[in-house]
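[1] Fold the following and give me the result.
(one chain, ligands or ions: 2)
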Amino acid sequence: MAAVGFDVWGVVPATELSDAKRHFEQWLSEGNAYRLDYLERNISKRFSPQELHPGTRSVIVGAVGYKNRLSEGYEEGFDARVASYALSEDYHNSLREMLRQAARMLGFTEPKSVKVCVDSVPLAEKSLARLAGLGWVGRNSLIINPLLGSFMVLGELLVPEECDKYSEPYEGNGCVGCGRCLLRCPTGAINPRGGINTRLCISNRTVEQASEEPFDTHGWIFGCDECQTCCPHNATAPLYRNPRFEPTFSPLDYDANFWATLTPEEAESRFGTTPLMRRFKK
Ligand code: SF4
Ligand code: SF4
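    Ligands and ions are numbered 1, 2, ... in the order given. The predicted structure is shown next:
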């Protein structure tokens with residue numbers, strides 16, 4: 001996995017994720033998914049790699065750090081902020097390529113025998129990442145690795161082979177005694193008992209549901225990094241190493257008026273390879 005650009009990885013058996021499923025269903029029953037209807041579908045598959053892709057025996061979970069200078073925060077008052085993951089090439093494409101390359105290197109020459117998963121596939125990737133030893137699920141609802149922090153993207157390879165030795169789950173919890181993200185979140189979207197209320201989350205409202213009713217985004221145009229920038233585990237994390245995650249533009253070059261008047265055509269020509277297109281294609 002290192003050879004194709006992952007920073008950390010682990011392997012877990014393809015068993016049911018019953019505890020995680022119970023927590024997810026509880027979270028859904030409290031109305032936290034707001035209008036993200038897709039989360040209500042494929043629940044059984046989401047927590048069963050074997051059901052998602054029959055024949056799967058193991059799941060390889062990889063993570064890549066993307067922290068860049070703007071992950072460290074914007075100056076007070078800047079009102080055209082873009083989440084730092086959106087500055088580089090769309091990670092869905094990068095991770096898919098890396099996982100396909102890894103599958104070939106591992107000898108899986110029949111494409112149908114393996115399944116490549118990036119976050120558009122219904123799979124409980126954060127639960128799998130914890131079981132694979134990559135880190136714990138923080139109060140900001142993201143996987144936090146003790147060295148890389150939470151500015152990471154995850155990808156999984158479902159494979160039809162058992163592994164001689166599986167990874168140990170990550171048992172620590174570096175959130176104990178903290179709570180900075182709850183204080184920092186501008187909209188109170190982080191539930192003190194755990195989980196995010198997506199109706200209040202700026203990231204959801206500027207990326208997934210940008211056309212919804214007026215909502216104060218606190219200067220964020222696309223995504224929101226507030227609950228990561230404030231996290232002490234990110235303060236010491238290194239900047240990205242994989243060149244695929246090099247920023248392709250700087251949001252500091254644009255103001256809020258630029259984004260408000262940007263046409264889909266101009267967005268495509270300037271930012272067509274980045275995740276920003278999820279918003280501007282709508
Ligand atoms: S800011 Fe503190 S509580 Fe929030 S995710 Fe980071 S360590 Fe956990
Ligand atoms: S992404 Fe922003 S709005 Fe959403 S939980 Fe984190 S700090 Fe709050």
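[2] how many neighbours does Glu30 have?
    12 (other Cβ atoms under 10 Å). (C-beta placed from N, C-alpha, C; glycine too.)
[3] nope, Ser29 is what I meant
    9.
[4] what about the strands in the stretch 101-250 of the chain?
    In the stretch 101-250 of the chain, the strands defined using DSSP state E, counting those that start in this stretch lie at 115-117, 136-137, 143-144, 152-159, 220-222.
[5] so of these, which one's packed in deepest?
    Comparing those by mean neighbour count (mean count of other Cβ atoms under 10 Å), strand 143-144 ranks first with a mean of 26.
[6] who does that one touch, helix- and strand-wise?
    helix 125-131, strand 136-137 (3 or more Cβ pairs under 8 Å, 6 or more residues apart in numbering; DSSP states H and E).
[7] Pipe the ones you listed into TSV and attach distance to ligand 2 and mean pLDDT per row.
    Below are the helices and strands packed on strand 143-144 laid out as TSV (distance: least, Cβ to the nearest ligand atom, whole Å; pLDDT from 0 to 100):
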stretch	distance to ligand 2	mean pLDDT
helix 125-131	15	98
strand 136-137	14	98
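[8] With ligand 1 as the reference, name the closest of the strands of the stretch 101-250 of the chain.
    Nearest of these to ligand 1, taken as Cβ to the nearest ligand atom: strand 143-144 at 6.1 Å.
[9] what does the closest one contact?
    63, 126, 129-130, 134-138, 150, 152, 154, 174-175, 231, 233 (Cβ atoms under 8 Å, 6 or more residues apart in numbering).
[10] For the residue located most distally from the centre of the chain, give me phi and psi.
    Distance from the centre of the chain peaks at Asp164, with 28.9 Å (Cα atoms, centre = their mean). Backbone geometry at Asp164, expressed as degrees, to the nearest 10, gives phi -60, psi -40.
[11] quick one, which of the helices and strands packed on strand 143-144 is packed in tightest?
    Of these, helix 125-131 is the most buried (mean count of other Cβ under 10 Å), at a mean of 23.
[12] Going by contacts, tell me the helices and strands next to that one.
    Where contact means 3+ Cβ pairs under 8 Å, 6+ apart, helix 125-131 is packed against strand 8-13, strand 58-65, strand 136-137, strand 143-144, strand 152-159.
[13] now the helices and strands packed on strand 143-144 in TSV, with distance to ligand 1?
    Compiled in TSV, the helices and strands packed on strand 143-144 are given as follows (distance: least, Cβ to the nearest ligand atom, whole Å):
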stretch	distance to ligand 1
helix 125-131	13
strand 136-137	9
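[14] Tyr170 against Gly135, yeah?
    Yes: when contacts are counted by Cβ atoms under 8 Å, Tyr170 is listed as touching Gly135 (5.5 Å).
[15] Near the residue in the stretch 51-200 of the chain positioned nearest to ligand 2, how many other residues are there?
    Closest to ligand 2 within the stretch 51-200 of the chain is Cys185: 3.3 Å, counting by Cβ to the nearest ligand atom. When neighbours are counted by other Cβ under 10 Å, Cys185 registers 22.
[16] which one is it nearest to, not counting chain neighbours?
    Nearest non-adjacent residue to Cys185, counting by Cβ to Cβ, 6 or more residues apart in numbering: Cys227, 5.4 Å away.
[17] Isn't that neighbour up against Arg184?
    Yes: shown here, Cys227 and Arg184 form a contact pair, counting by Cβ under 8 Å, at 6.2 Å.
[18] So for the two, which residue has more residues nearby?
    More crowded of Cys227 and Arg184, by other Cβ under 10 Å: Cys227, with 27 against 15.
[19] which residues touch the more buried one?
    Neighbouring residues of Cys227 by Cβ under 8 Å, 6+ apart: 140, 142, 181, 184-185, 190.
[20] What sits closest to Leu148 if chain neighbours are left out?
    Closest to Leu148 by Cβ to Cβ, 6+ apart is Gly65, at 4.4 Å.
[21] One more: Trp27?
    Trp27's closest residue in space is Gly195 (Cβ to Cβ, 6+ apart), at 4.9 Å.
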